[in-house]
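1. Next comes the sequence, and after it the predicted model I'd like to discuss.
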Amino acid sequence: MERSILIHFDSIAPEEATIIQWLTSQAQEKLSCPTYFWNLGVSGLEQCQIASDGGLVFKPVSEYKRPPQVDPLLYIFEYINNFSGSGVFILGDVHPFIAKNSPQLSWEIVTRVKNLYHRLKPTDKRIIFLGQNIQLHESLVRLIPFAEVPLPTVEQIQEHLDSYLEYLGESAQEQKVKFTVSLSASEKESLARAALGITLEEISDFLRLTVKERLSSNGITIDATVTPLVVEYKTRLLSQMGIELGKPATVPFGGLDLLREWLNRRRRLFTQEARSLHLPQPKGVLLAGPPGTGKSHSAKNIANILNLPLLQLDISSMLGSLVGESEGNVRRALKTAQAIAPCVLWLDEIEKALSGQGDTSGVSQRILGNILTFMSECESGVFVVATCNDPSALPSELKRKGRFDENFFVDLPTEPERVQILRIHLQRFGITVEDEYLEAIAANTAKFSGAELETLAAEAALLAFDEGRPQQVSLGDLEACRQTITPLAVQDAAAVERMRDWAKTARAASSAIADKPTQSLKTARFRNLN
């Protein structure tokens, strides 16, 4: 603010008031000048003032009188140009008119901004463009520095909790309501960590809502039971941006021994001890393979193995939004991951979002650029797990060596893995089947994916239940259900073969074990049919 004539300030919407308050105090403290705020939703220009209680107050500027027929944006620029004296002018949500790739881009506005840059140099006037997802037009990028507000750290959240709970306590006291904060130091830290990924303003909103909900004849108590509530609140907020807080996997994945071994060797790299030794943080893995081979399930289990929280980013759901909105949501998601780090960031079916097919606006390419930049620069411990059904559709920039720590090929399960997968899913229904029967079915399901084996186990369990034999699945049940399922690898064998061609450049997720030739099940093995 001291050196730049114009600045564009990217802040998250709930934090705008906080940012304006901070800018107002900074302008007063360091520049000894007033601060003004304007956007298209305000009827006039307002002066920002800090009230005696520390809050922000907007006072209309009576001298600002725009003629009805004059464009409001052109008028505010002209007003600032002719303004006598010093001042910091915060202009909100102007960026659609000066942003690249924006349908509202106005060359007249861009030109006015460039003129102001040169004309305000000898003055004590500053302009700050405030908004979300700001991407300036190329002609303005080198003129206007960029500033971004990071999400708060654990320490900042703890400090905010202390001050805001004190404020709520004073308000309750004024209303003669008993207000009790029963949080130990460790419980307060847990609460702060649970709130990582949202803004201080959103945390304040959560605390206000919680206080209202907890008001009773006995007063209000804030204790450790608030922590799971803030996780639920955060989950709702993030889901609105296409970010899901993944739930830990409840079912382990079968097989994939090489992937599991690779992960176990790196799990300690996310500890404080490893960070203190400046050991490199793993960047992530690309899991590619035919549909149904357990890539998504593996992503959830990776979070369990690494003992890290899981964030799922649904990029494809963001596409088709307003120009700039998709990229903005992705940037917010990446910022959230950094705030929560160390964590696992799961990008599911990434080729659907980043292939660029049918994308004439270039959104996919810009999102890809954001992700690549993030992966190369992030050092906070965000482990990216990208899952993909068709690696041939991925941009070459994402597949090249060194982008991920490793590219793993998740093939159709081998025979021993099929035994494991069947056992795991049958156990979910409380069913135990002898190893020899599982091996017999596994030998005859050579082209089945993990998902198809899960379906087979569920169908067999239902068949036994329908026949009055709950939790008593026979080999005959499994074989009968097997014959009703046509694997995708049979339906689309060419796609699986193309996938295996790509696999020659990747690392296998499972040890290579040749399948035995499929044989008919011997009559002797059907002794438990009845």
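-> Happy to help now that I have it. Numbering: from 1, shown residues only.

2. What residue spans form the domains of the protein?
-> Using automatic domain parsing, the domain ranges for the chain come out as 6-148, 154-240, 246-409, 415-526.

3. wait, what's in contact with Glu439?
-> Residues in contact with Glu439 (C-beta atoms under 8 Å, 6 or more residues apart in numbering) are Glu415, Val419. Heads up, the C-betas are built off the backbone N, CA and C, glycines and all.

4. In a strand, it, correct?
-> No - the assignment for Glu439, made by DSSP: H, G, I helix; E, B strand; the rest coil, is helix rather than a strand.

5. what's the longest helix in this structure?
-> helix 154-174 (DSSP state H).

6. measure Val384 to Cys343 for me?
-> 10 Å (C-beta to C-beta, to the nearest Å).

7. circling back to that earlier point, looking at the domains of the chain, which is buried most?
-> domain 246-409 (a mean of 19; mean count of other C-beta atoms under 10 Å).

8. Between the two ends of that domain, how far is it?
-> Counting by C-alpha to C-alpha, to the nearest Å, you get 23 Å between the two ends of domain 246-409.

9. per-residue confidence averaged over whatever helix or strand Glu327 lives in?
-> With secondary structure defined by DSSP states H and E, Glu327 is part of helix 325-340. Taken as a whole, helix 325-340 has a mean pLDDT of 78.

10. hmm, who's touching the following helix or strand past it?
-> Sequence order places strand 343-347 as the next helix or strand after helix 325-340, per DSSP H and E. Residues from elsewhere that reach strand 343-347, judged by C-beta under 8 Å, 6+ apart: 246, 284, 299-300, 302-303, 306, 308-313, 315, 334, 337, 353, 371, 381-387.

11. got the CA positions of the longest helix of the chain in PDB?
-> Taking C-alpha atoms only, helix 154-174 is exported to PDB below (Å, rounded to 0.1, in the frame of the first residue of the first chain):
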ATOM      1  CA  VAL A 154      -4.000 -22.900  13.700                       C
ATOM      2  CA  GLU A 155      -2.300 -20.100  15.700                       C
ATOM      3  CA  GLN A 156      -4.400 -17.400  14.100                       C
ATOM      4  CA  ILE A 157      -7.600 -19.400  14.700                       C
ATOM      5  CA  GLN A 158      -6.700 -20.000  18.300                       C
ATOM      6  CA  GLU A 159      -6.100 -16.300  18.800                       C
ATOM      7  CA  HIS A 160      -9.400 -15.500  17.100                       C
ATOM      8  CA  LEU A 161     -11.300 -18.000  19.300                       C
ATOM      9  CA  ASP A 162      -9.900 -16.400  22.400                       C
ATOM     10  CA  SER A 163     -10.900 -12.900  21.400                       C
ATOM     11  CA  TYR A 164     -14.300 -13.800  19.900                       C
ATOM     12  CA  LEU A 165     -15.400 -16.000  22.800                       C
ATOM     13  CA  GLU A 166     -14.400 -13.200  25.100                       C
ATOM     14  CA  TYR A 167     -16.600 -10.800  23.100                       C
ATOM     15  CA  LEU A 168     -19.500 -13.300  23.100                       C
ATOM     16  CA  GLY A 169     -19.100 -13.700  26.900                       C
ATOM     17  CA  GLU A 170     -19.300  -9.900  27.400                       C
ATOM     18  CA  SER A 171     -22.400  -9.700  25.300                       C
ATOM     19  CA  ALA A 172     -24.000 -12.500  27.300                       C
ATOM     20  CA  GLN A 173     -23.100 -10.800  30.500                       C
ATOM     21  CA  GLU A 174     -24.800  -7.600  29.300                       C
END
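
12. what's the angle from that helix to helix 325-340?
-> Put simply, helix 154-174 runs at 90 degrees to helix 325-340, going by axes from the mean of the first three to the mean of the last three C-alpha atoms, to 10 degrees.

13. quick one, what contacts the nearest residue to Lys178 once chain neighbours are set aside?
-> Excluding its sequence neighbours, the residue lying closest to Lys178 (C-beta to C-beta, 6 or more residues apart in numbering) is Gly219, at 2.8 Å. Counting by C-beta under 8 Å, 6+ apart, Gly219 touches Ala172, Val177, Lys178, Phe179, Thr180.

14. and the second one, what pLDDT?
-> Val177 is assigned 90 on the pLDDT scale.
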